[in-house]
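Undergrad: show me the folded form of this:
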Amino acid sequence: MGNNQKPIIDYERIASQQSFKQLAKKKNVFLWTMTAIFLALYMLLPILTSFTEILHQKAIGNITWVWVYSAGLFVMTWGLAHFYVARANKFDSEAKAIIAEYEGGKGK
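TA: Just a heads-up that it's a prediction; the model follows:
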C-alpha cells in the first residue's frame, strides 16, 4: 500500500460488532432522553403561562415565577450542553475502542 492510499474499512463489519450495537443503543437512549427533557421543560413555559396562573404569582418583589422559570431555561440549556459534551467525549472514547477492536481483528 502506498503512502497516499488509505486502508479499506469494512463499515458493515464494524456495524455488526456487538460493541458497536451497544454503543449505538446507549447513544440513542441518551440523545432521545435529553431531547425529551429539553422539549418537555421548554414547552411547559407557554403551557403554564397560557392555561394556568401558577407562573404569574410574584416570586421575589415584583418578579413573577415566569421570569424565574425563563431564567432557569437558560441555566438548563447550558447545563444540558455541558452534560452532552461530557457524554460525547465518553462516547468518542468508546468509539475509539471499537475501532481498535476492529483493527485488532476481533471484529472479523
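
Undergrad: what is the neighbour count of residue 21?
TA: As a burial measure, residue 21 scores 12 neighbours (other Cβ atoms under 10 Å). Where you see a C-beta, it was placed from the backbone N, CA and C, and this is true even at glycine.

Undergrad: what sits against it?
TA: residue 15 (Cβ atoms under 8 Å, 6 or more residues apart in numbering).

Undergrad: past whichever strand or helix holds it, which element shows up next along the chain?
TA: Using DSSP states H and E, residue 21 falls within helix 18-51. Proceeding N to C from helix 18-51, the next assigned helix or strand is strand 58-60, under DSSP H and E.

Undergrad: show me what that following strand is in contact with.
TA: Residues contacting strand 58-60 (Cβ under 8 Å, 6+ apart): 64, 65, 67, 68.

Undergrad: partner strands of it and their direction?
TA: Sheet pairing of strand 58-60 (DSSP bridges) gives strand 63-64 (antiparallel).

Undergrad: contacts for the partner strand, please.
TA: Residues outside strand 63-64 that contact it (Cβ under 8 Å, 6+ apart): 55, 56, 57, 58.

Undergrad: any idea how far the first one is from residue 75?
TA: Counting by Cβ to Cβ, to the nearest Å, the separation of residue 55 from residue 75 is 16 Å.
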